[in-house]
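> below: sequence and its predicted model.
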Amino acid sequence: MKMIVDLQEYSYPIWIEANCLDSLSNQIDTSRRIALIADEGIPDIWIQKVRSQCPDSFVLRFAQGESSKCFLQYETLLKEMIRHDMTRKDAIIAIGGGVTGDLAGFVAATYMRGIDFYNIPTTLLAQVDSSVGGKVAIDVDEYKNIVGAFYQPKAVWIDPNVLQTLPPRQVHNGLVEALKTGLIQDPSLVDLFEEETLDLTQIITRSIAIKKHVVEQDEKENGLRKILNFGHTIGHAIESAYGLQSYLHGECVAMGMLFFIEDPELKKRVLSIYDRLQLPPLPAYDTKELMSYIRHDKKAKHQSVSIVKVPRVGTFTIEELSYEQIEFILEKGALA
Ligand SMILES: O=C(O)C(=O)C[C@@H](O)[C@H](O)[C@H](O)COP(=O)(O)O
């Protein structure tokens, strides 16, 4: 299946189907010099599949994990781009999860003021969410995605086959972002989490269709796109305070969503989905510490932050809450 993200001159195709990586060279110009950027955890088989279609390519690997989304790694990759004489007409293909897409995308956005960027997400989290929409960034210290850009890829290939080599914890981590999408926009996507077997291809396709629609309405997050950040204000704060080494991004978003699901019956449903996905419980947290990160949320103003709430499944409200109100919510706890 092919979807087009319609952003006028920045429009691009997303292919979602098994073995779509095999026909890359029919879809883009692979005769250019191409930097394939991947972390050390990506099985060679996926890199080779792409490399065999790009005769003038080279591979840049970096250490797995969120800590690679930093200035040092960003600089190292830029220097490699210079060392390989990459020109403005050349391109980057990211092969990996959210960290790889964010990092390689930010390199592409800034090298020579921007070169073509293609994304091959290999984690479920990247396939259902982060590979589409053009958010690219690095972290500074514990501040997540604090330096970045909106820089749309030129094409995205989502091959569900690559998930075969993904550990179950990573699959569950990605499912949280799809559940988030269902909670804010699509009750039937939430229902899929209660089926006897989880149909990943359907979950990916529905999540991406919604993400595409939201990004088309509001590419730069001036309004509607804020809903995709449901769960992220407290989630990012937990990730910054406790998570970069112990929790995965989706696990923290799951914790963050609980504070703003308003319907108690829906919260119960979501908690039993969390059990099924074996998500970790919310750690004992220090409200003041979380608040210090929340003040740096990208939806924050000097005294308040835009918060996404879910009153009923598939619906949302966006409310401006003062820091005092958020502190009060944190004091009460997620299950209040
Ligand atoms: O694409 C978006 O917009 C999102 O907010 C998707 C989020 O799930 C994603 O984690 C994103 O990278 C977080 O964005 P940020 O702006 O809070 O850094």
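It's in. Predicted, not measured: the structure shown is a model, and the values here were computed from it.

> which positions in this protein make contact with the ligand?
129-130, 133, 135, 144-145, 177, 221, 225, 228-229, 232, 298 (Cβ under 6 Å from any ligand atom). Glycine gets a C-beta too; all of them are placed from N, C-alpha and C.

> inside strands: which ones of the residues you listed?
Under the assignment DSSP state E, the residues of the chain next to the ligand contribute 135, 144-145 to strands.

> which secondary structure element is home to residue 157?
In this structure, residue 157 sits in strand 155-158 according to DSSP states H and E.

> report all helices and strands that that strand contacts.
Applying 3 or more Cβ pairs under 8 Å, 6 or more residues apart in numbering; DSSP states H and E, one finds that strand 155-158 contacts strand 12-16, strand 116-121.

> what's the pLDDT at residue 244?
Predicted confidence (pLDDT) for residue 244: 65.

> name the residues that touch the helix or strand where residue 290 lies?
Using DSSP H and E, residue 290 sits in helix 287-294. Residues outside helix 287-294 that contact it (Cβ atoms under 8 Å, 6 or more residues apart in numbering) are 142-143, 233-234, 236-238, 240-241, 300, 305, 323, 326-327, 330-331.

> that one: which residues count as buried?
Counting neighbours by 16 or more other Cβ atoms under 10 Å, one finds that the buried residues in helix 287-294 are 290, 293-294.

> give me the distance between the two termini of stretch 274-285.
This stretch, stretch 274-285, spans 19 Å end to end (Cα to Cα, to the nearest Å).

> whoops, I mixed them up, stretch 270-290
Using Cα to Cα, the gap from the first to the last residue of stretch 270-290 comes to 23 Å.

> and it, how far out from the chain middle?
19 Å (Cα atoms, centre = their mean, to the nearest Å).

> any idea how far the spatially most central residue of the chain is from residue 102?
Nearest to the geometric centre of the chain sits residue 130, at 2.7 Å (Cα atoms, centre = their mean). Counting by Cβ to Cβ, to the nearest Å, the gap from residue 130 to residue 102 is 7 Å.

> again, but for residue 279
22 Å.

> so between these two, which is more surrounded?
residue 102 (26 against 23; other Cβ atoms under 10 Å).

> which ones are touching the more buried one?
69, 130, 135-138, 145, 148 are the contacts of residue 102 under Cβ under 8 Å, 6+ apart.

> still on that earlier bit, if any of the contacts of helix 287-294 are buried, put those into a PyMOL selection.
Restricted to buried positions by 16+ other Cβ under 10 Å, the PyMOL selection for the contacts of helix 287-294 reads:
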select buried, resi 142+233+234+236+237+238+240+241+305+323+326+327+330
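
> please pull up the helix or strand immediately following the helix or strand of the chain with the lowest mean pLDDT.
Least confident helix or strand of the chain, by mean pLDDT, DSSP states H and E, is helix 244-246 with a mean of 73. The first helix or strand that comes after helix 244-246 along the chain, using DSSP H and E, is helix 249-258.

> what packs against that following helix?
Counting contacts by 3+ Cβ pairs under 8 Å, 6+ apart, helix 249-258 is packed against helix 168-185, helix 232-238, helix 264-276.

> what about the ones in strands among the residues of the chain next to the ligand, which one has the most neighbours?
So for those (other Cβ under 10 Å), the most neighbours sit at residue 144, 27 neighbours.

> just checking, that one touches residue 236?
Yes. Counting by Cβ atoms under 8 Å, residue 236 is a contact partner of residue 144 at 4.9 Å.

> circling back to that earlier point, any residues touching the strand holding residue 157, and which ones?
Here strand 155-158 makes contact (Cβ under 8 Å, 6+ apart) with 12-17, 20-21, 24, 27-28, 118-121, 127, 131-132, 204, 208.

> of those, grab the buried ones for PyMOL.
In PyMOL syntax, the buried subset of the contacts of strand 155-158 is picked out as below (16+ other Cβ under 10 Å):
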select buried, resi 12+14+15+16+17+20+21+24+27+28+118+119+120+121+127+131+132+204+208
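
> give me the three-state assignment for residue 31.
Counting by DSSP: H, G, I helix; E, B strand; the rest coil, the backbone at residue 31 sits in coil.

> pull the number of nearby residues for it.
If we define neighbours as other Cβ under 10 Å, then residue 31 has 10 of them.

> so what's it up against?
55-56.

> start to end distance for stretch 111-124?
End-to-end distance for stretch 111-124, by Cα to Cα: 28 Å.

> check stretch 107-116 too.
10 Å.

> just put the buried residues of helix 287-294 in TSV and tack on pLDDT.
Shown next, in TSV, are the buried residues of helix 287-294 (pLDDT from 0 to 100):
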residue	pLDDT
290	97
293	95
294	96
